[in-house]
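need a structure here:
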Amino acid sequence: MPVKIRLARHGSKKRPYYRIVVADVESPRDGKYLEAVGSYNPLKDPAEVSLKEERIRYWMDQGAIPTNTIKNLFKKEGVFANPD
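Next comes the predicted model:
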């Protein structure tokens, strides 16, 4: 079962709020996920990001692959020097 770390959209129309989740590749964007490992609010200035670093490291050690957007968020937050 391939697993990805990706964004799941929440919030109302034109007011997006995202959860950073670990989900099966085949599940829909806002569908079931294995675990929520953070959140991202792009409407704040600057954008608000909160991460559970220990759980992210665990899932990446288990083979979870972050999407390009998540890689960029990790780099911007300085959480991982090289998330690959």
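
quick one: pLDDT of Phe80?
We have a pLDDT of 71 for Phe80.

same deal with Asp84?
Looking at Asp84, the pLDDT reads 53.

now do Tyr17
94.

Now the most centrally placed residue in the chain. Nearest residue, chain neighbours left out?
In the chain, the centroid-proximal residue (C-alpha atoms, centre = their mean) is Ile20; its distance is 2.8 Å. Nearest residue to Ile20 in three dimensions, chain neighbours excluded: Gly38, at 3.7 Å (C-beta to C-beta, 6 or more residues apart in numbering). For the C-beta atoms, the positions are set from N, CA and C on the backbone; glycine is no exception.

And for that neighbour, the neighbour number?
22 (other C-beta atoms under 10 Å).

What values do phi and psi take at the residue located most distally from the centre of the chain?
The centre of the chain is farthest from one residue, Lys13, which by C-alpha atoms, centre = their mean lies 20.5 Å away. When read as degrees, to the nearest 10, the backbone of Lys13 gives phi -60, psi 130.

Report the contact partners of it.
Listed by C-beta atoms under 8 Å, 6 or more residues apart in numbering, Lys13 has no contact partners.

Read off the pLDDT value for it.
The per-residue pLDDT reported for Lys13 equals 94.

where's the residue nearest to Ile20, which helix or strand?
Using DSSP states H and E, the element containing Gly38 is strand 35-41.

ok, back up a step: just the local confidence number for the residue nearest to Ile20, please.
If you check Gly38, the pLDDT there is 96.
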